[in-house]
Structure formats: structure tokens, C-alpha cells
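**Student:** The sequence and its predicted three-dimensional model are supplied below.
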Amino acid sequence: MLSKVASVLSNIIRKIIPDSLVFAYFLTFIAFILGIVLAHQGPIAMINYWGSGMWVFLSFAMEVCLLFVLGHVLAHAPLVKKGLQWVAGLPSSPGQAIILVAVLSVILQWINTFFALVATVILAREIAKKISGVDFPLLVAAAYAGVIVWDSGLSGVIPMTLSTPNNPFAKNLGVVPLSQTIFNPANLLMFGMVLITLPILFRFLLPRPEHTITISQQLLGEEEPEQESSSPSDSSNITFAERLNNSRLVTLFGGVLGILYIFLHFSNNKPLDFDVLNLILLSLSLILYPSPVKFIGSLKQAMPIAWGIMIQFPLYAGIMSMVTKSGLGPIITNWFLGISTRTTFAWLSFLASALLKMFVPSAGGEFAVEAPIMFGAAAKLGVPVAHTAMSIAWGNAWSNLIQPFFMIPLLAVARLELRQILGYLIIALIWTGIILSFGMLVLYRVFPL
């Protein structure tokens, strides 16, 4: 039954949902019109907000480009590729493959979302090459769907920020310990329900064989990275430059240098961030490739992944700028809060956060817009700070299931289009929405702070 519903929905989505670039411009148009109608801004002002904010994600875009490109390079290193192929060989049927990828996605997203985005989609590719008859779009959707637990886990921007001494909100809210947010029983129960039920849901979404879309011949036909140059057959004619290009000492030096810095970084109790994660990927890749030539060849093969990020991230930055600078964000938030009671406040905050996330894809940017309004209203209604924070966090992560921002690099790796996985993710959105609504309305009352 579910597979039939998923098949019908996927067919509809494929016909009406355009490419992710077109979708980004559609959201731009919606934000532009809403800014004029609801925020009473003029068209010229909205154009200025859009243009002046387009480039605030440049640093972030570069970090994400490197994350996926280097993740792709590392995955194609001989030793890592063998390990991935071993893991990919564990499932023996399409159903087992879907469950394995979905479980790993949820667990890894809870630990570190950006590592999870890279690891699970590359694993999905390897599994699709080994398991015949597995629906590749569904497998990639399962690899991405774990993003629902992102902000409720150890890489959650909101709970981690509030737990840090001297954070921007500490003066008014105090420091909120992780025991009240990430490790609160209500939050752990919601995480547990998602971990158990989401893989089962995706298993039941497996389409019939006649509707199955297998991995593309383009991905199946990918060759090993080409060498930048080859050594002459006569070793006596090898130049000094060619010796360096094919020397393992060069890649070892670069890799060990990076590893030593990473060791010093963590020995000083500094956190894992984008910069460090990218350096880890770069250092391991250099160590695992036998020469600069092979490393560069793999790097060139991975570069097409970056195009979507480079073009579309500035568009989403422009959307975010329009929403925040026009005052549209507070208008949306205040509308939800205006119909809230003490019982429904967390749930409506969750919905408001999810809606706002469609236009403000940065978790930090969205939180900056919502936090002053929501925490002020929560204090008046007597709602705990931690419950308010986690309702915003869950809403932020929930909306990621259909917000294309973080799908862009994943789709590039998988060589798929947004419409091919969106139908499955909409079903996941509905199911996890039921779980999270139960958590906000019931579990928060069962486990008061």
C-alpha cells in the first residue's frame, strides 16, 4: 500500500517539481512577493535586500564544496574504497540495503551531520552498484532522511550554542545544559522513535520491480581517477619534476603535516568544525593516495559536484537576506505565537521554525531571527527555555527534508534530480511530523523541566 502511494506521489512530483536551481528561484519569487504584501516593503527595497545579501554564504559555500569534493576523493582512495565495498556487501536484498542506509543516516546525522551527508550518499552509491534491483532514488532519499535528527544531536547548532558559556543569549537566558536539551528524556525518545521507525518506513516504500529506477550507467561506468601524467617507460629519462609528481613522499608529507595540526587542535580542547573536518578529509586522502598525480586525478573527477553549491548557495543567501531584512521573519513567527497557549507553544514554535527554514536555510541565521521573539513569548507563558530551544531545533531539522539547500551537493554526488527523491522525502516529512508533534504536545508534558 505504502509503496503504491509513494510511486503515485513520486510520479506526480517528477511532473511538477523542476530542477533545484529553478526551485531556488521560485522561493526567491515567493519571498519577494511576501515581503511586499506582508512586510509592506517596496520592490526596490526587496531587490536591494536580495542583492546585498547574496554573497554572505561564500565562505560557507567553499567549506561545503571542499567537504563533498574531499569526501568523494577519500571514498575513492584504494583502501577506503575496499572498506566501502565491504560494508556495501553486507545487505543481501534491496530491503536490507534500504534499512542499513537509513539506520546509518540517522545515527551519523545525530553525531555529525556534514560527515553523515558525505558518507551515506557515497555508501548508497556503492550499495546500488552491488545490489541489483534496489531503487536508487529511494536509497539516496534514505541516505539523506537522517537529517531530521541533525539539530537534536551533537552537531545541533542551537543546543550546542546555548550550552556554551558567554554565548550571545546567556545574559538573558543563562547557560542551558545539554542535559535539558539533547539528553533530555523527551528529546531522546523522539530520536529513538525516528531511529526505529524511519528505516522501516523506507523499507515499505520500496517500489515494485517495474517501477524501480536503478543506478545510472554513468555512475556504474565511472573509471578509476585518471593520472595527470604517466612516467616514461625508460626510467633513465624521468625528469626531476616527474619524480616529484609521482613521489609518495610528497603526499605523505602533506598528510602527516595535517594530522599533526589536527592533533594539536584537539589537544587544546577545540571543537570539530568545518575547517577541521575538511583538513581531516584532505590529510587522510593525501596519506592514502600513492602519489600527487593520482590524488589530482581523483580531485578532478570530483569537481563536478561543486557546481550546484557555487551557483545555488548565493540564491539562498539572497532569500535569507530578503526575509530577515524586510521583517518578514518576525511577522511569520509572531503569527504562530499569537495563537499559542502554554500547551501548544512548543508545537507551534516547531511549525513556525519549519516554515521559516524554507526561506532561511542557515540554522544560525534562522535562530537569530526567531530567538528573541520566541524566548520572550515563552517566558510570558512559563514555557521552559530548553523546550523552546529544542522545538526550534526540531523544526529547523524537519524542514530540511524538503528544503533543497543541503540536498544540492548530495544530488550532485548521486547524479539525481530533486524531483526524483522529493516524493519519498515528503512521506518521511509527514511521518516524522506525527512523531515530533506527539513529542511536543505529549512528551514535553510527561518530562517537564
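**Tutor:** Yep, that arrived.
**Student:** Any stretches of the stretch 301-449 of the chain with poor pLDDT?
**Tutor:** Low-confidence regions of the stretch 301-449 of the chain, defined by pLDDT under 70, span residues 362-366.
**Student:** 90 - rerun?
**Tutor:** 301-313, 316-317, 319-320, 323-324, 328-342, 352-353, 355-382, 403-415, 417-419, 447-449 (pLDDT under 90).
**Student:** Would you map the helices across it?
**Tutor:** 307-326, 328-338, 345-357, 363-381, 385-399, 407-414, 418-438, 444-446 (DSSP state H, counting those that start in this stretch).
**Student:** And the closest residue to I332 other than its chain neighbours, how far from I373?
**Tutor:** Closest residue in space to I332, ignoring its immediate chain neighbours: L356 at 5.6 Å, by C-beta to C-beta, 6 or more residues apart in numbering. Every C-beta, even on glycine, is put in place using the N, C-alpha and C of the backbone. As judged by C-beta to C-beta, to the nearest Å, L356 and I373 stand 11 Å apart.
**Student:** Show me which of these two is the more surrounded one.
**Tutor:** A count of neighbours by other C-beta atoms under 10 Å puts L356 above the other of L356 and I373, at 27 against 17.
**Student:** could you measure that one against L162, distance?
**Tutor:** 18 Å.
**Student:** same check, this time on L154
**Tutor:** Counting by C-beta to C-beta - L154 and L162 are separated by 14 Å.
**Student:** Compare those two and say which one has the larger neighbour count.
**Tutor:** Comparing L154 with L162 by other C-beta under 10 Å, the one with more neighbours is L162, at 27 against 15.
**Student:** Just give the nearest non-adjacent residue to that one, would you?
**Tutor:** Counting by C-beta to C-beta, 6+ apart, the residue nearest L162 is V176, at 4.0 Å.
**Student:** Name the SS class of that neighbour, please.
**Tutor:** Of the three states, V176 takes coil according to DSSP: H, G, I helix; E, B strand; the rest coil.
**Student:** ok, now which ones touch it?
**Tutor:** Applying C-beta atoms under 8 Å, 6 or more residues apart in numbering, we find V176 in contact with P159, L162, S163, V385, A386, A389.
**Student:** go with 10 Å
**Tutor:** 158-159, 161-164, 167, 169-170, 384-386, 388-390, 449 (C-beta atoms under 10 Å, 6 or more residues apart in numbering).
**Student:** again, but for L381
**Tutor:** L337, S340, T341, R342, T343, T344, F345, A346, T388.
**Student:** Nearest to P209 among those residues?
**Tutor:** A346 (43.7 Å; C-beta to C-beta).
**Student:** what residues are up against the closest one?
**Tutor:** A346 neighbours (C-beta under 10 Å, 6+ apart): 186, 340, 374, 378, 381, 383-384, 387-392, 394-395, 437, 439-441, 443-445.
**Student:** about what we covered before: common neighbours of L154 and L162, please.
**Tutor:** Joint contacts of L154 and L162 (C-beta under 10 Å, 6+ apart) are L178.
**Student:** In the stretch 1-150 of the chain, where is pLDDT below threshold?
**Tutor:** Using pLDDT under 90, the stretch 1-150 of the chain drops low at 1-24, 27, 56-78, 80-89, 111-122, 125-126, 129-133, 150.
**Student:** go again using 80 as the cut-off
**Tutor:** Scanning the stretch 1-150 of the chain for pLDDT under 80 picks out the ranges 1-8, 10-11, 13-14, 16-18, 112-115.
**Student:** now the strands for it?
**Tutor:** Under the criterion DSSP state E, counting those that start in this stretch, the stretch 1-150 of the chain carries no strands.
**Student:** ok, which stretches of it are helices?
**Tutor:** Under DSSP H, counting those that start in this stretch, the stretch 1-150 of the chain gives helices at 2-16, 20-37, 43-53, 58-75, 78-88, 94-111, 113-130, 136-145.
**Student:** What is the burial count for the nearest residue to V106 once chain neighbours are set aside?
**Tutor:** Of all residues not flanking V106 in the chain, G146 sits nearest, at 4.1 Å (C-beta to C-beta, 6+ apart). Each residue near G146 was counted by other C-beta under 10 Å, and the total is 29.
**Student:** Could you do I17 as well?
**Tutor:** Using other C-beta under 10 Å: I17 sits among 18 other residues.
**Student:** In contact with it, which residues are there?
**Tutor:** Contacts of I17 by C-beta under 10 Å, 6+ apart are F23, F26, P404, E417, L418, R419, Q420, L422, G423.
**Student:** Check T343 too.
**Tutor:** Contacts of T343 by C-beta under 10 Å, 6+ apart are L381, V383, M440, L441, Y444, R445.
**Student:** I figured the residue nearest to I332 hits I319, correct?
**Tutor:** No: look at L356 against I319 with C-beta atoms under 10 Å: they stay out of range, at 11.2 Å.
**Student:** The residue nearest to V106 is in contact with A116, isn't it?
**Tutor:** Yes: G146 lies in contact with A116 (C-beta under 10 Å); the separation is 6.2 Å.
**Student:** what sits in contact with each of these two?
**Tutor:** By C-beta under 10 Å, 6+ apart, the residues touching both G146 and A116 are L104, S105, V106, I107, L108, Q109, W110, G153.
**Student:** JSON lines for the residues you listed, including neighbour count and distance to W55?
**Tutor:** Shown next, in JSON lines, are the shared contacts of G146 and A116 (neighbours: other C-beta atoms under 10 Å; distance: C-beta to C-beta, whole Å):
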{"residue": "L104", "neighbour count": "20", "distance to W55": "35"}
{"residue": "S105", "neighbour count": "30", "distance to W55": "32"}
{"residue": "V106", "neighbour count": "26", "distance to W55": "34"}
{"residue": "I107", "neighbour count": "16", "distance to W55": "35"}
{"residue": "L108", "neighbour count": "23", "distance to W55": "31"}
{"residue": "Q109", "neighbour count": "29", "distance to W55": "29"}
{"residue": "W110", "neighbour count": "22", "distance to W55": "32"}
{"residue": "G153", "neighbour count": "24", "distance to W55": "30"}
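**Student:** would you list the residues you listed in TSV and tack on distance to L328?
**Tutor:** Putting the shared contacts of G146 and A116 into TSV (distance: C-beta to C-beta, whole Å) gives the following:
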residue	distance to L328
L104	38
S105	32
V106	33
I107	36
L108	34
Q109	29
W110	32
G153	29
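**Student:** hang on, the earlier thing: closest one of the contacts of I17 to L205?
**Tutor:** Nearest member of the contacts of I17 to L205, counting by C-beta to C-beta, is G423, at 9.1 Å.
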